[in-house]
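Chemist: Got a predicted structure plus its sequence, pasted below:
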Amino acid sequence: MTSYESDSPENLIAGVDEVGRGALFGIVVAAAVILPKTLPIECQNWGVKDSKKLSAPQRERLVPQIQQVAIAYNIGIASVAEIDELNILQATLIAMRRAITGLSVLPELCLVDGNQRIPDLDFPQQTLIKGEDKSVAIAAASILAKVWRDRLITELATIYPLYQLNRNKGYGTAAHLRAIDLYGITPEHRQSFSPCKSRGT
């Protein structure tokens, strides 16, 4: 990973990433993380990288390490109702803004994963396509967001056991789609998403 932070004059850089954008079930979650500028290499040595390239046990192990060294971190969410009302892109950007504005320390710069700027954000920001591979702070945020959402979906799996949420984490696997065909959708399903529109009644 090339650390974008090392080339920046700012010291308080927040990395921001989201998880759950493509799921059929549940909220979208964003995390914002400010790491000390001296720590990117150490964090990489721990194994901090894009959460999608890590196993669930690896992500769980890294969460307390990231939280311990972070200057600040925060989770932001957008509800299923907001996703259905606004669309998933706008809801994702809202979750990102909430993650940033809830930080206990205000950043000098926000590095945002992807190519969409966050509207109404009162901080300088820069988008980074495949940001998890370019910024350790974004990679750390991806881990915090992924673990936080996975834990929530695991709890919801006990309420909605028919949908195999423990396995699919709300994404549209074949088994999940079959369950929607058989049992319809729950209040936590995104009714604006076509698989839920066409299958859920």
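Modeler: Perfect, I can see it now.

Chemist: so where's this protein uncertain?
Modeler: Within the chain, the segments meeting pLDDT under 70 span 1-7, 9, 39-44, 198-201.

Chemist: Okay, strands next: where are they in it?
Modeler: 13-19, 28-34, 72-78, 109-113, 125-128 (DSSP state E).

Chemist: Tell me which of these approaches Ala140 most closely.
Modeler: Closest to Ala140 of the strands of the chain is strand 28-34 (CB to CB; 4.5 Å). No exception for glycine: its C-beta is placed from N, CA and C like everyone else's.

Chemist: and the angle from the closest one to strand 109-113?
Modeler: 140 degrees (axes from the mean of the first three to the mean of the last three CA atoms, to 10 degrees).

Chemist: circling back to that earlier point, mind checking which of the strands of the chain is nearest Phe193?
Modeler: Across the strands of the chain, closest to Phe193 is strand 28-34 (CB to CB), at 11.8 Å.

Chemist: now the closest one, how far from the chain's geometric center?
Modeler: How far strand 28-34 lies from its chain's middle: 6 Å, per CA atoms, centre = their mean, to the nearest Å.

Chemist: Could you do stretch 93-106 as well?
Modeler: Distance, stretch centre to chain centre, for stretch 93-106: 12 Å (CA atoms, centre = their mean).

Chemist: The strands of the chain: which one's closest to Ile185?
Modeler: strand 28-34 (17.2 Å).

Chemist: Tell me which strands that closest one pairs with, and in which orientation.
Modeler: In the sheet, strand 28-34 lines up against strand 13-19 (antiparallel), strand 72-78 (antiparallel) (DSSP bridges).

Chemist: Output the strands of the chain in TSV; the columns should cover mean neighbour count and distance to Val63.
Modeler: As requested, the strands of the chain are exported to TSV (neighbours: other CB atoms under 10 Å; distance: least, CB to CB, whole Å):
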stretch	mean neighbour count	distance to Val63
strand 13-19	29	13
strand 28-34	30	10
strand 72-78	21	10
strand 109-113	26	18
strand 125-128	16	22
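
Chemist: Can you check which of those gets nearest to Ala174?
Modeler: Once the strands of the chain are compared by CB to CB, strand 13-19 is nearest, at 21.4 Å.

Chemist: now the strands paired with strand 28-34 in TSV, with distance to Leu156?
Modeler: Output for those, formatted as TSV (distance: least, CB to CB, whole Å):
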stretch	distance to Leu156
strand 13-19	15
strand 72-78	13
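
Chemist: Figure out which of the strands of the chain is closest to Asp150.
Modeler: That would be, of the strands of the chain and by CB to CB, strand 13-19, which comes in at 8.3 Å.

Chemist: Of the strands paired with strand 28-34, which is nearest Glu132?
Modeler: strand 13-19 (6.6 Å).

Chemist: Residues contacting stretch 175-187, please?
Modeler: 24-25, 80, 160, 162-165, 167-168, 170, 189, 191, 195-196, 199-201 (CB atoms under 8 Å, 6 or more residues apart in numbering).

Chemist: Report the distance from the longest helix seen in the chain to the chain centre.
Modeler: In the chain, taking DSSP state H as the definition, the longest helix is helix 136-159. Distance of helix 136-159 from its chain centroid, counting by CA atoms, centre = their mean, is 7 Å.
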